[in-house]
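1. Prediction below, plus the sequence it came from.
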Amino acid sequence: MEESGSSRAVACRLVPRATSRHCYRRAVRAERAARGGRRWLAVLALALGGMLAATTSAHAAAYPEAVLLVSGFDTASPFSTPDPGCDGKEGPEWSPAGGIARTLKPAGPEVFTAPVRQTGEPLLAPCTGPGEAAPPDTAVINSNGELDANGLALANLIGFMRDAYGVEKLHLVGHSDGGLWSRSAITQDSGYAGLEVLSLTTLGTPHIGSLVADLAINLDGGKCDFSNEIEQLICESVVEVADLMLEDLGKVATTELTNGFLTGWNPKQRIGSCPVTGIAGNHVGFTIPVLGYYTPSDGAVGVSSALGQRAVAIDGSTIPAPGIPNFKQGGTYDVVHGLGLDFLDPANLLNTQAVSNEVRDTVLAARTNTTACNTGAGEAEPGETALGLPLHRFVPPNRRGRLPRPDSGEFLAAKRGVAVRCGGTELDATALRGDPRLALFETSGCNKRPRIRRRARAVLIDHAERNDVMVTIAGTELQIDVQGSKVRQLRAVIWSGGRRERLDLDGDGSATLPEDDERTWLRIRANPKPGATVASGTTLLSR
């Protein structure tokens, strides 16, 4: 064993005086060297201890499988982690009694919430555990911002969770627009390679649009101004909710919730065959299958839209399904959309225990899933969009008050108080969205021509079974194909950059769309025979 400097100093006392001075010098040098060694060892020990502590801390903050809650439009939500100190601090959207965070956490999942900032308001303070990091500004969602910009922010957040918290598998739960932002983030997945999104659960998400948004963007100074009486009455019945949405959201966010925008946006999204579950509220309205886009609803989003189903617009045009491969229906509940509609009912999609239980059970079941939502393909490349639009028409009664014999799936609309008879039977009427001015009549079982009193206001929504329209869009090239019997006249009108113009269709129904960075809306009308004007719908061409 090597002799220490202090041992040498003791030994120096035993040697003759002549040699002791030299002995002490060697002893001092040895002691200094020993102290330096001890200091180095101490530094090494501290460094190793720090590395071990860092390793232990990183391990404590690692959540290989987690759930991320994403609130929707006009909300404020902090970033929060699964740390026990964050229980009850997930923000007003997720932490009420009977809410989703309070239901998920006791069941075992590690729960994060996404940071969402309201325009003009400060971001709520994050809640993290000791030594845990908060996300950068690029990972903060603007609740009043553009859909795909928010999808990119959410994708950045997912990448941050992978790097800072060791998340390898993720389950997304989105309320309202949060479900659309989640779908956009799944498409824009290049920023979180190696992390698998295993499921998506949506609550009141307008997968194919929102009636309130459709009406809101058509309001002029808060007044409904529709030439069609049915649209006018529906608009007036929801103007209060529409005004609330415009005030809270702004025009950009509202436009991106319309069925026209989402009809063009949905085909551009990419998602694998992972489980996607939609949950809906049906507190407002009543059940008429052909009008599932409008009613029943949660006050903002119709059941058909929340459940990702194909629907029919009030003018008879088709609103296509979102095209999600493995979409499942998680049920409908007697609740409204969210906190902003508590004037209709206090129970909403975020504070109802039965809804939270459904989310919990859906997430737990998805933990055994091995198919990722994110396909690794990154943002979808522009390609062809094909829309199949059945033709419909509004048919008024003749001078004797008789309407055409209805076919399967057709219905009548009339002013409230108008009696409609089929043979000797009076059809039952139901007010749309509780509005006393408009009534709808189901015609199933009516095999005769319905009758109304002369000069009464009513129309039959008639499906022109002999014709369908297929619209194909590839970049700026548009092709309209009318299938079935010959159409006498076909017209296409676009709105782009605030300008409205009629498209010059070739003889084969093709046209070139203008090169414009603005969003372009397309409206098609057809006349299969004189006097029978048929509208095939409106869609948004987003390039």
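-> Noted; the coordinates are in hand. Fair warning: this is a prediction, and the values are worked out from it, not measured in the lab.
2. Could you list the low-pLDDT ranges of the stretch 1-150 of the chain?
-> 1-61 (pLDDT under 70).
3. residue boundaries of the helices in it?
-> 5-12, 17-60, 100-104, 147-165 (DSSP state H, counting those that start in this stretch).
4. Near Glu501, how many other residues are there?
-> 11 (other CB atoms under 10 Å). Where you see a C-beta, it was placed from the backbone N, CA and C, and this is true even at glycine.
5. wait, what's in contact with Gln479?
-> Applying CB atoms under 8 Å, 6 or more residues apart in numbering to Gln479 gives the contacts Val471, Thr472, Ile473, Asp508, Gly509, Ser510.
6. Widest-spaced pair of the residues you listed?
-> Pairwise distances across those (CB to CB) peak at 15.4 Å, for the pair Ile473 and Asp508.
7. Show me the domain layout of this protein.
-> Domain assignment for the chain by automatic domain parsing gives 5-60, 65-366, 382-391+464-543, 398-455.
8. winner for burial among those?
-> Counting by mean count of other CB atoms under 10 Å, domain 65-366 has the highest mean neighbour count of these, with a mean of 21.
9. Start and end of it, how far apart?
-> 11 Å (CA to CA, to the nearest Å).
10. Dump stretch 88-100 to CSV, restricted to CA.
-> This file holds the C-alpha atoms of stretch 88-100, laid out as CSV (Å, rounded to 0.1, in the frame of the first residue of the first chain):
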residue,chain,number,x,y,z
GLY,A,88,-57.2,19.2,-10.2
LYS,A,89,-55.0,21.8,-12.0
GLU,A,90,-55.7,20.7,-15.6
GLY,A,91,-57.8,23.7,-16.4
PRO,A,92,-61.5,24.5,-16.5
GLU,A,93,-62.2,22.2,-19.4
TRP,A,94,-60.7,19.0,-18.0
SER,A,95,-60.8,19.2,-14.2
PRO,A,96,-64.5,19.8,-13.1
ALA,A,97,-66.1,17.2,-10.9
GLY,A,98,-67.3,14.4,-13.2
GLY,A,99,-64.7,15.6,-15.7
ILE,A,100,-62.4,13.6,-17.9
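11. Distance from the chain centre to that stretch, please.
-> How far stretch 88-100 lies from its chain's middle: 19 Å, per CA atoms, centre = their mean, to the nearest Å.
12. Now tell me which of the domains of the chain the model trusts least on average.
-> For those, the weakest mean pLDDT is recorded on domain 5-60, namely a mean of 40.
13. any chance of the contacts of Gln479 in TSV, plus distance to Gly417?
-> Listed next are those as TSV, based on distance: CB to CB, whole Å:
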residue	distance to Gly417
Val471	39
Thr472	45
Ile473	44
Asp508	48
Gly509	43
Ser510	48
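14. show me where the stretch 101-250 of the chain has strands.
-> Per DSSP state E, counting those that start in this stretch, the stretch 101-250 of the chain carries strands over the ranges 110-113, 116-117, 141-142, 169-175, 196-203.
15. Which elements pack onto the fourth one?
-> Strand 169-175 is packed against strand 65-70, helix 177-187, strand 196-203, helix 353-366, with contacts defined by 3 or more CB pairs under 8 Å, 6 or more residues apart in numbering; DSSP states H and E.
16. Which residues does it contact?
-> With contacts defined as CB under 8 Å, 6+ apart, strand 169-175 is touched by 64-72, 75, 93, 100, 109, 158, 161, 180-182, 185-186, 195-205, 338, 349-350, 359, 363, 366-367, 373.
17. again with the second one
-> Outside strand 116-117, the residues within contact range by CB under 8 Å, 6+ apart are Val70, Ser71, Thr75, Ala76, Ser77, Leu123, Leu124, Val140, Ile141, Asn142, Ser143, Gly178.
18. quick one: contacts for the residue nearest to Leu157 when sequence neighbours are not counted?
-> In this structure, Leu157 finds its nearest non-sequential neighbour in Ala139, 3.8 Å apart by CB to CB, 6 or more residues apart in numbering. Shown in contact with Ala139 (CB under 8 Å, 6+ apart): Pro115, Ala153, Leu154, Asn156, Leu157, Gly159, Phe160.
19. Using a markdown table, please lay out these together with distance to Lys268.
-> Output for the contacts of Ala139, formatted as a markdown table (distance: CB to CB, whole Å):
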| residue | distance to Lys268 |
| --- | --- |
| Pro115 | 26 |
| Ala153 | 18 |
| Leu154 | 17 |
| Asn156 | 20 |
| Leu157 | 22 |
| Gly159 | 21 |
| Phe160 | 25 |
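20. Out of the residues you listed, name the two that are farthest from one another.
-> Pro115 and Gly159 (14.1 Å).
21. what's near enough to touch Leu350?
-> Per CB under 8 Å, 6+ apart, neighbours of Leu350: Glu93, Trp94, Pro96, Gly99, Ile100, His175, Leu203, Gly338, Leu339.
22. do the same with Gly281
-> By CB under 8 Å, 6+ apart, the contact set of Gly281 is 204, 297-299, 301, 303, 306, 332-337, 348-349.
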